[in-house]
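Participant: take this sequence and fold it.
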Amino acid sequence: MTTLRSVPSGDPPEGTGGRGPAADLPDEVGPRLAELLHRSSLGDEQAFAELYDATSARLHGLVLRVVRNPAQAEEVTQEVFLEVWRMASRFDPARGSALSWLMTIGHRKAVDRVRSAEASTRRDTTYHQQTQPVDHDATADAAHTSLEAQRVRTALQALTPVQHEAVRLAYFGGYTHTEVATMLDLPVGTAKTRIRDGLIRLRDAMGVGQ
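Facilitator: Numbers count the residues shown, from 1 in each chain. Below is the predicted model:
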């Protein structure tokens, strides 16, 4: 069970409980989450506890898919709710659902953690890499990988904006089709169609199978 730790004034209170069971939230819960966010922005600790219990399971699952490390996922999930407590007043229901707003914060925090870990790894290995003789095969492999990455970037530019966003969220952001639909405020079927069409167009642009 995850419990947010006590922090200085302005941060969330203790005792917000563990991750709740609501991994799949029905449509009617959306207004309720928006209300809880609004009450949390006014310092309502009970509302924040309810918000945490209702959404932390889904947020934790999303974060875990991105960072791929259970311990770090727990830390990032708590960081997300720390930010939600501090920034709840910035939620604007006119710009999207409460769940979409929460998941966007969760995804950003998770990506930041991955980038930080990658930067740390690069710093730790820089000396070793600089002092080793360059192997010809390793150089060729690196060049091939770079060319493949460039092909993918070029192919993504061939997608429509809506296809690009759907593919980016599903295959580079770690979201499920249902989560993509939530973040883009689309029916699940429409989100799946955009992802499918985007992948077909991406395959064609890269010449796969030709």
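
Participant: which helix in this protein runs the most residues?
Facilitator: helix 98-131 (DSSP state H).

Participant: helices and strands around that one, which ones?
Facilitator: helix 29-41, helix 45-67, helix 70-87, helix 177-183 (3 or more Cβ pairs under 8 Å, 6 or more residues apart in numbering; DSSP states H and E). (Glycine included, C-beta is placed from N, CA and C.)

Participant: for the last one, buried residues please.
Facilitator: For helix 177-183, the buried set under the neighbour-count rule, 16 or more other Cβ atoms under 10 Å, comprises 177, 179, 180, 181, 182, 183.

Participant: contacts for stretch 90-103, please.
Facilitator: Contact partners of stretch 90-103, identified using Cβ atoms under 8 Å, 6 or more residues apart in numbering, comprise 25, 30, 33-34, 36-38, 41, 55, 58-59, 62, 80, 84, 179, 182-183, 185.

Participant: buried residues, it. List them.
Facilitator: Of the residues in stretch 90-103, 91, 96, 97, 98, 99, 100, 101, 102, 103 count as buried by neighbour count, 16+ other Cβ under 10 Å.

Participant: tell me which of the residues you listed is nearest to residue 119?
Facilitator: residue 103 (24.5 Å; Cβ to Cβ).

Participant: pLDDT score for that closest one?
Facilitator: We have a pLDDT of 95 for residue 103.

Participant: just the one 3 residues further on next, same as before
Facilitator: Per-residue confidence (pLDDT) for residue 106: 95.

Participant: low pLDDT regions in this structure?
Facilitator: 1-28, 124-153, 155, 171-173, 205-210 (pLDDT under 70).
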